[in-house]
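Chemist: Dropping a prediction and its sequence here:
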Amino acid sequence: MTQYQKHCALPGRLVMVGFGSIGQGVLPLILRHIEIDRQNITIITADERGHGEADYFGIKFVKEPLTRQNYRAMLEPLLSKGDFLLNLSVDVSSTALVELCAERGALYLDTCIEPWPGGYTDPSLSPSMRSNYALREQALALRGKLGTKAPTAVLTHGANPGLVSHFVKQALLNIAEDTGRDVTDVPADRAAWAALAHDLGVKVIHIAERDTQVSSIPKKRGEFVNTWSIDGFISEGCQPAELGWGTHEATFPPDGIRHDFGCQAGIILNRPGVTQRVRTWTPMEGPFHGFLITHSEALSIPDYLTVRDADGKALYRPTCHYAYHPCDDAVKSIHEFAGKNFVQQETQRLLMKEIIDGVDELGVLLAGHEKGAYWFGSQLTCSEARQLVEFNSATSLQVTVAALSGMIWAIENPDRGIVEADDMDFQRCLDICMPYLGPVVGAYTDWTPLDGRNKLFVEDVDTSDPWQFKNIRVV
């Protein structure tokens, strides 16, 4: 039997809230790499999905949706000092769980900042208040309330958000080394990382992902098919398209909306993310159009890398956003979903065993510096993911191993209060993740979003700077 390294021990209890594809995929990793008694693990989830997998590992499974009314009664008996709440659910307020964990002395990690049901689509709320920007600001506001020495609560630490923030730091170091800069002293704080990005001249950071996984069973009419949480994808796809807004941008989008509160690192477009595409590039796929889906890393990364003057004015900030091309059946599902005026299909199918081929190519594209553009990330095949860890696909394993690394970091650093991936030790997290990411590569390209433009049709582009958002946006 293979002996796996135990990175740390969790002597207390582990409560897993939600047990969809990510919960099912992370459980074997937790049992491999964290010393924990299986009898101390409880799964609480809204439906029967994953019950068989929980039984396979001998883990207690409780089918009970958490609501505003019952979450305290359900969770308080299961959480005390030294315990851990791993939140992988949808429609359960992240801030409510963070506050509860702080009260009980328990550690916390999630992969997305979730509101209570309806928070993403409440028509009584402005687009600004339905955004991830607002959810992030609300969660970070708890830092002042709970204090910096509160039990560690890691916000949004899956593949993206999460792992990609660590990719950005490694990519910055790689570009610095390749452009002749001295990287002997790795930046040790936020200001130093921001100064490095500024010095390199990085204008744009795309979280550029192309999922080519294919199923043996084609998508059917009236069915939503995806390689990860369908509820999660639909929720974030219905939120406004959202991006971090760089200081190099010369033209503000005509449908852009600035927020009147918070850090001012991001803006939204007055349209749902599943209806907006952007131009980007990955090494295997080359250039493609991805959906501008809102994600917290599109805000946390540019916020973290902002350089300000003494008066707080932003002198430098990169534009940052997600550029996502899901598997082809998911694209068909989105097209059908949007065509029905965002009414969800009656049937959902989460691809897992029926995936027969494909890669999830997930990384970060840093562009505008003296070497053009540089992509750094994971090229994990589904077959390799299955060989590495049971109950995983390429998409889920990139998320689950990142969640594992965040858990380990929190256990090793139990009194850091509320943190994001950008605040954490990127090298420690990458060291844990690397064995499970397949080929991790860096590649330069001379591609720009102006390539091939103005040939068939005259377009309104800015030829003076390829990396303007107006050039990247597909209109």
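Modeler: Received it, and whenever you're ready, just let me know what you need. Numbering: from 1, shown residues only.

Chemist: Averaging pLDDT per element, find the lowest-scoring helix or strand in this structure.
Modeler: Every helix and strand of the chain was ranked by mean pLDDT, DSSP states H and E. The lowest is helix 230-238, at a mean of 93.

Chemist: same for that helix, what does it pack against?
Modeler: Identification of packing neighbours for helix 230-238 by 3 or more Cβ pairs under 8 Å, 6 or more residues apart in numbering; DSSP states H and E yields strand 223-226, helix 328-339. To be clear about C-beta, it is placed using only N, CA and C from the backbone, and glycine gets the same treatment.

Chemist: And the contacts of stretch 182-201?
Modeler: If you take Cβ atoms under 8 Å, 6 or more residues apart in numbering as the criterion, stretch 182-201 is touched by 169, 172-173, 175-177, 179, 181, 304-307, 315-316, 318, 368-370, 422-423, 427.

Chemist: ok, Y4 - how many residues close by?
Modeler: Neighbouring residues of Y4 were enumerated by other Cβ atoms under 10 Å; the total is 12.

Chemist: From Q69, how far off is the residue nearest to it when sequence neighbours are not counted?
Modeler: In space, Y4 comes closest to R32 once its chain neighbours are excluded; the distance is 4.2 Å by Cβ to Cβ, 6 or more residues apart in numbering. Distance, R32 to Q69, using Cβ to Cβ, to the nearest Å: 36 Å.

Chemist: do the same with V419
Modeler: Using Cβ to Cβ, we find V419 at a distance of 30 Å from Q69.

Chemist: Now tell me what touches the least confident helix or strand of the chain from outside.
Modeler: Under Cβ under 8 Å, 6+ apart, the answer for helix 230-238 is 90-91, 112, 120-121, 132, 224, 226, 272-274, 291, 293-295, 326, 330, 334, 337, 342, 344, 348, 350.

Chemist: on that earlier part again, for V419 and Q69, indicate the residue with more neighbours.
Modeler: Legend: neighbour count by other Cβ under 10 Å for V419 and Q69, higher for V419 (21 against 7).

Chemist: Quick check: bridge partners of the more buried one?
Modeler: V154 (DSSP bridges).

Chemist: Pull the contacting residues for it.
Modeler: Neighbour list for V419: T152, A153, V154, L155 [criterion: Cβ under 8 Å, 6+ apart].

Chemist: tell me which of those residues is nearest to W116?
Modeler: Nearest to W116 among the contacts of V419 is L155, at 16.9 Å by Cβ to Cβ.

Chemist: chain center to stretch 403-420: distance?
Modeler: Centroid separation for stretch 403-420 versus its chain: 16 Å, with Cα atoms, centre = their mean, to the nearest Å.

Chemist: sorry, back to before: please indicate which of the contacts of helix 230-238 are buried?
Modeler: Among those, those scoring as buried are 90-91, 112, 120, 132, 224, 226, 272-274, 291, 293-295, 326, 330, 334, 337, 350 (criterion: 16 or more other Cβ atoms under 10 Å).

Chemist: List the contacts of the helix or strand harbouring W281.
Modeler: W281 belongs to strand 277-282 when assigned by DSSP states H and E. If you take Cβ under 8 Å, 6+ apart as the criterion, strand 277-282 is touched by 206, 208-210, 287-292, 321, 323, 361, 363, 365, 373, 375, 377, 445, 447, 449, 471-474.

Chemist: Name the strands paired with it and say parallel or antiparallel.
Modeler: Sheet pairing for strand 277-282, assigned by DSSP bridges, gives strand 286-291 (antiparallel), strand 473-474 (antiparallel).

Chemist: nearest to W116, of the ones you listed?
Modeler: strand 286-291 (25.5 Å).

Chemist: List the buried residues of the closest one.
Modeler: Neighbour counts over strand 286-291 (16+ other Cβ under 10 Å) mark G290, F291 as buried.

Chemist: what mean pLDDT does it have?
Modeler: For strand 286-291, mean pLDDT is 98.

Chemist: Give me the angle between it and helix 230-238.
Modeler: Orientation check (axes from the mean of the first three to the mean of the last three Cα atoms, to 10 degrees): strand 286-291 against helix 230-238 gives 90 degrees.

Chemist: oh, and call the first residue 20 from now on, that's how I've got it
Modeler: Understood, numbering begins at 20; the last thing we discussed is strand 305-310.

Chemist: that older thread, going C-terminal from the least confident helix or strand of the chain, what's the next secondary structure element?
Modeler: Counting by DSSP H and E, the next helix or strand C-terminal to helix 249-257 is strand 259-263.

Chemist: Can you give the contact residues for that next one?
Modeler: Contacting residues not belonging to strand 259-263 are listed as 146-147, 149-152, 224, 276, 284-292, 294-295, 311-314, 317-318, 320-322, 336-340, 488 [Cβ under 8 Å, 6+ apart].

Chemist: Mind doing that once more with 7 Å?
Modeler: Contacts to strand 259-263, defined as Cβ atoms under 7 Å, 6 or more residues apart in numbering, come from residues 146, 149-152, 284-292, 295, 311, 313, 317-318, 320-321, 338-340.
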